[in-house]
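**Student:** Generate a structure from the sequence data that follows.
(2 chains)
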Protein chains: 2
Amino acid sequence: MKAEIITIGDEILIGQIIDSNSAHIANELFNIGIEVFQISSVSDDKEHIIETIKNAEKCSDLIILTGGLGPTNDDITKSVLTEYFNDTLIENEDVLLNIKNIWKKHIKQPLLKVNLDQALVPSRSIVLMNYMGSAPGIWYEKRSKIFIALPGVPTEMKSILELEVLPKLISTFDLPVAVKKTILTYGLGESMIAKRINDWENGLPKSIKFAYLPSLGRVRLRISSIGINRNEVANKIESEIQKLLPLISDIFVGFEEDNSIEKIIGSQLVKLNKTLSIAESCSGGGLAAKFTANPGSSKFFKGGMVAYDTKSKIRILGVNPNLISEQSVVSLKVAESMAIGVKKIFSSDYAISTTGNAGPTKGESDTDIGNVCIAIVTPEKVFSRQFSFGTGRERVLTKTINMALTLFQREIFKN
Amino acid sequence: MKAEIITIGDEILIGQIIDSNSAHIANELFNIGIEVFQISSVSDDKEHIIETIKNAEKCSDLIILTGGLGPTNDDITKSVLTEYFNDTLIENEDVLLNIKNIWKKHIKQPLLKVNLDQALVPSRSIVLMNYMGSAPGIWYEKRSKIFIALPGVPTEMKSILELEVLPKLISTFDLPVAVKKTILTYGLGESMIAKRINDWENGLPKSIKFAYLPSLGRVRLRISSIGINRNEVANKIESEIQKLLPLISDIFVGFEEDNSIEKIIGSQLVKLNKTLSIAESCSGGGLAAKFTANPGSSKFFKGGMVAYDTKSKIRILGVNPNLISEQSVVSLKVAESMAIGVKKIFSSDYAISTTGNAGPTKGESDTDIGNVCIAIVTPEKVFSRQFSFGTGRERVLTKTINMALTLFQREIFKN
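**Tutor:** Numbers count the residues shown, from 1 in each chain, chains lettered A, B, ... in the order given. This is a model prediction of the structure:
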């Protein structure tokens, strides 16, 4: 089964928002064995939406639209679909009840006609209930092709997809299984990796797809395959990975699978029954936020300190001012002292610290832009490393966070 | 001039990465008066890429591709374009020199044939230099249509776009001007706003586009227009805004323009010569990271505390344990005490704190999931507010950060 995702909204086409919906939908579809053939973003324009649906219908079996289902004038997806299928709108009682409930429980404002109108659905469509908002999803079938419209608000889209769309797709179709595994590497560019594993890559069976995903300071290697039997597909991938790993043992950091590196670290800390605290200068809270974005982080994350100015490094984390004047605020010794300080403050088993100069100006530091020191304290030892992450604030910050996670993951998976 | 953006890469279609490139390109094009007609994402598949370019050529004058220019086997964009234009590859000396320089300065590993091959460019194309990496951008012209290929790595794409593509587009074409202005509102749903401003909206001239952008806890109102004379377009928008503002004065938070709310706050604090510190429980570092992501934040941001567990709220921020047991760790009084504590620690003029339960389990708090308290301390006073942000960890965290920013912005713009 081949799918196309169409996101609708002027705000995407003028770059006002990043379309995260299509990545979420694509990932969920991949996990149930549906391949996404194309993603298209178009404006809130009737002719253009219709043209795009028509084109998608030619190539794909499943067309998922998001956006344009709201109550205001710029939301036209429902009327466009109704016209496309030559249908009429009728009131749906369940949707009406749901809207009334949401208003009573959460909105606590008068129900307007435009809100009530959201209970009008195309007569020949199947309604997909939206428990997070007032706009229901719409499911149309036409000559074995399926057309689904979902709201653009991510929480509403995700809720309908999870509770209504995916279960219905799984139960209606005999879907193949898709398996992907992602290997995290650090320390070698993609061309060097490619050269090293060239023979292995050329020997891969046709059914297995392989890709390089370079990003700041890391290369991720993705191996994926689609087949009928989950065990068979997984075994095939596993056997190729077993041949690959010895070739990259020095740069292999771990598997990403469906988990981010911070989730993998979290699970390992919970397993070890150990805790973590973080002292951040240049990464400014971003490293802590990586951990706390995940449910259950309170089981291992004790807290963090954003010691952004030099004074707070001294006063709060207890860094020796002489150390700073002798070694610079961006130095291995200061990073180590910050990590030791924050570990003590939070009585954690492990601590990570970052200090660096992300630019664009030198600020309170006397070091070059892109210069970053990261330290880690474990129950047994303290160590630190210095990096030169180039220019571009965003790049330096992201590389700092990625590298801190990588170093820490290596450390806690050593034993 | 109408543009289409085509992003290339299997990783987008299986949802492994969120395509942030096209939003960046779309925004930059909008700012120089080029309208994006469609964004398409396709896999690393020759036939599909060619088909998509063909379709884009029918509708648009400018086609920008990103992705698939790297040195590994899965990168096929350059060879596809060369075939599409029936061209051949020739070595470009400047690109070769640039690659050699990058390797000497940054990579410090042997140059491989695949790296040197990146200096091979289609003979009839114009080379766009890439100072952040080895893959040059490519610019083709064919019957007044322009085709541009850029790397997929965001830092490289952004660099070539800024230094090579935009200046060349501006100098070559007589582009119109595009102006957008975004109004931030808080406190009313989009349908209520729509009802209230209905007459104003219906009275807008055809040349002005208006849209509602609802997101967690906020509705943004976007007004945009394209014309010949920047002053004329800006004045037309301004005059409509002056009619709109009195209708929404109670929910009007400020303008977004090209700046995020955290940038607006930062500029205001620098102007007032005041400093800020932050104590975060549920938002876990994410609020501090919003500020520190921007250059110059060290001018006003003193630091933050991620006091994630109850003990650290007591020990480090000095919250009275009796207060926690009497009032709950998620309470107005505890939020206020956290903010007072962090203000003292960092000797800042202002402080913000968050404490709440983001779920999915209740953790150390005894309050309902979605229950969040935010406190603000100013040089003159302390105040706090309690919210019920529903369920869904991501939603609760985002709403918390958005609301903290909104409350704080309102406060510092009062005078």
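**Student:** give me the low-pLDDT residue ranges for the stretch 251-400 of chain A?
**Tutor:** Across the stretch 251-400 of chain A, the ranges flagged by pLDDT under 70 are A:257-259, A:362-365.
**Student:** in it, which spans are strands?
**Tutor:** Assigned strands in the stretch 251-400 of chain A, in chain order: A:252-255, A:276-280, A:301-307, A:350-356, A:371-377, A:382-388 (criterion: DSSP state E, counting those that start in this stretch).
**Student:** Chain B: which of these is closest?
**Tutor:** The closest approach between chain B and any of the strands of the stretch 251-400 of chain A, judged by C-beta to the nearest C-beta, belongs to strand A:301-307 at 3.6 Å. (C-beta placed from N, C-alpha, C; glycine too.)
**Student:** For the strands of the stretch 251-400 of chain A, give me a markdown table that also has mean neighbour count.
**Tutor:** Listed next are the strands of the stretch 251-400 of chain A as a markdown table, based on neighbours: other C-beta atoms under 10 Å in any protein chain shown:
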| stretch | mean neighbour count |
| --- | --- |
| strand A:252-255 | 18 |
| strand A:276-280 | 31 |
| strand A:301-307 | 30 |
| strand A:350-356 | 30 |
| strand A:371-377 | 26 |
| strand A:382-388 | 16 |
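**Student:** Can you lay out those strands as TSV showing distance to chain B?
**Tutor:** Formatted as TSV, the entries for the strands of the stretch 251-400 of chain A read as follows, by distance: least, C-beta to the nearest C-beta, whole Å:
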stretch	distance to chain B
strand A:252-255	14
strand A:276-280	7
strand A:301-307	4
strand A:350-356	11
strand A:371-377	14
strand A:382-388	8
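**Student:** I'd like to know how far A:K58 sits from chain B.
**Tutor:** Distance of A:K58 to chain B, given as C-beta to the nearest C-beta, to the nearest Å: 11 Å.
**Student:** Over to A:K145?
**Tutor:** Distance, A:K145 to chain B, by C-beta to the nearest C-beta: 19 Å.
**Student:** show me what contacts that residue?
**Tutor:** A:E57, A:S60, A:D61, A:L62, A:I63 (C-beta atoms under 8 Å, 6 or more residues apart in numbering or on different chains).
**Student:** May I have the predicted confidence score for it?
**Tutor:** Predicted confidence (pLDDT) at A:K145: the value is 95.
**Student:** and what of A:D10?
**Tutor:** According to the prediction, A:D10 has pLDDT 89.
**Student:** try A:P136
**Tutor:** With respect to pLDDT, A:P136 scores 95.
**Student:** one step back: okay, and which of the contacts of A:K145 map to helices?
**Tutor:** Taking DSSP state H, the ones among the contacts of A:K145 that sit in helices are A:E57.
**Student:** need the strands of the stretch 251-400 of chain A in JSON lines with distance to B:F389, can you?
**Tutor:** Compiled in JSON lines, the strands of the stretch 251-400 of chain A are given as follows (distance: least, C-beta to C-beta, whole Å):
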{"stretch": "strand A:252-255", "distance to B:F389": "34"}
{"stretch": "strand A:276-280", "distance to B:F389": "25"}
{"stretch": "strand A:301-307", "distance to B:F389": "21"}
{"stretch": "strand A:350-356", "distance to B:F389": "29"}
{"stretch": "strand A:371-377", "distance to B:F389": "34"}
{"stretch": "strand A:382-388", "distance to B:F389": "38"}
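**Student:** and B:Y186, which of those strands is closest to it?
**Tutor:** Closest of those to B:Y186 is strand A:301-307, at 25.9 Å (criterion: C-beta to C-beta).
**Student:** got the angle between the closest one and strand B:276-280?
**Tutor:** Strand A:301-307 and strand B:276-280 are oriented at 180 degrees to each other (axes from the mean of the first three to the mean of the last three C-alpha atoms, to 10 degrees).
**Student:** Neighbouring strands - and their directions - for strand A:301-307?
**Tutor:** Strand pairing for strand A:301-307, using DSSP bridges, gives strand A:276-280 (parallel), strand B:301-307 (antiparallel).
**Student:** From B:R395, how far off is A:S79?
**Tutor:** With the distance defined as C-beta to C-beta, to the nearest Å, A:S79 ends up 28 Å from B:R395.
**Student:** what sits against A:L150?
**Tutor:** With contacts defined as C-beta under 8 Å, 6+ apart, the neighbours of A:L150 are A:I64, A:L65, A:T66, A:L69, A:L128, A:G137, A:E156, A:M157, A:I160, A:L161, A:V165.
**Student:** Including distance to B:T378, secondary structure and neighbour count, could these go into TSV?
**Tutor:** What follows is those, written out as TSV (distance: C-beta to C-beta, whole Å; DSSP: H, G, I helix; E, B strand; the rest coil; neighbours: other C-beta atoms under 10 Å in any protein chain shown):
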residue	distance to B:T378	secondary structure	neighbour count
A:I64	47	strand	29
A:L65	46	strand	27
A:T66	41	strand	29
A:L69	41	coil	27
A:L128	47	strand	21
A:G137	45	strand	27
A:E156	36	helix	23
A:M157	39	helix	27
A:I160	42	helix	27
A:L161	43	helix	23
A:V165	47	helix	23
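**Student:** What is the nearest of those residues to chain B?
**Tutor:** A:E156 (9.9 Å).
**Student:** Compute the number of surrounding residues for the nearest residue to the closest one once chain neighbours are set aside.
**Tutor:** Nearest in space to A:E156, with sequence neighbours left out and distances taken as C-beta to C-beta, 6 or more residues apart in numbering or on different chains, is A:G133 at 4.2 Å. The burial metric for A:G133, expressed as a neighbour count using other C-beta atoms under 10 Å in any protein chain shown, is 21.
**Student:** Next up, the contacts around A:G133.
**Tutor:** Neighbouring residues of A:G133 by C-beta under 8 Å, 6+ apart: A:I102, A:P151, A:V153, A:T155, A:E156.
**Student:** Please give the element, helix or strand, for it.
**Tutor:** With secondary structure defined by DSSP states H and E, A:G133 is part of neither a helix nor a strand.
**Student:** and the gap between it and A:G152?
**Tutor:** Distance, A:G133 to A:G152, using C-beta to C-beta: 10 Å.
**Student:** Repeat that for A:Y350.
**Tutor:** Noted for A:Y350: a distance of 41 Å to A:G152, by C-beta to C-beta.
**Student:** same deal with A:E380?
**Tutor:** For A:E380 relative to A:G152 (C-beta to C-beta), the value is 51 Å.
**Student:** Compare these two (neighbour count), which wins?
**Tutor:** Applying other C-beta under 10 Å to A:E380 and A:G152 shows that A:G152 carries more neighbours, namely 26 against 5.
**Student:** The more buried one contacts A:G9, doesn't it?
**Tutor:** Yes: taking contact to mean C-beta atoms under 8 Å, the distance of 5.9 Å between A:G152 and A:G9 places them in contact.
**Student:** Count the residues that sit near the nearest residue to A:I197 once chain neighbours are set aside.
**Tutor:** Spatially, and ignoring its direct neighbours in sequence, A:I197 is nearest to A:L247 (5.2 Å; C-beta to C-beta, 6+ apart). The criterion is other C-beta under 10 Å. On that basis, A:L247 has 15 neighbouring residues.
**Student:** need the contact list for A:I90.
**Tutor:** For A:I90, the contacting residues are A:L120, A:V121, A:P122, A:S123, taking C-beta under 8 Å, 6+ apart as the criterion.
**Student:** my guess is the second one is in a helix, correct?
**Tutor:** No: the assignment for A:V121 is strand, going by DSSP: H, G, I helix; E, B strand; the rest coil, so no helix is present there.
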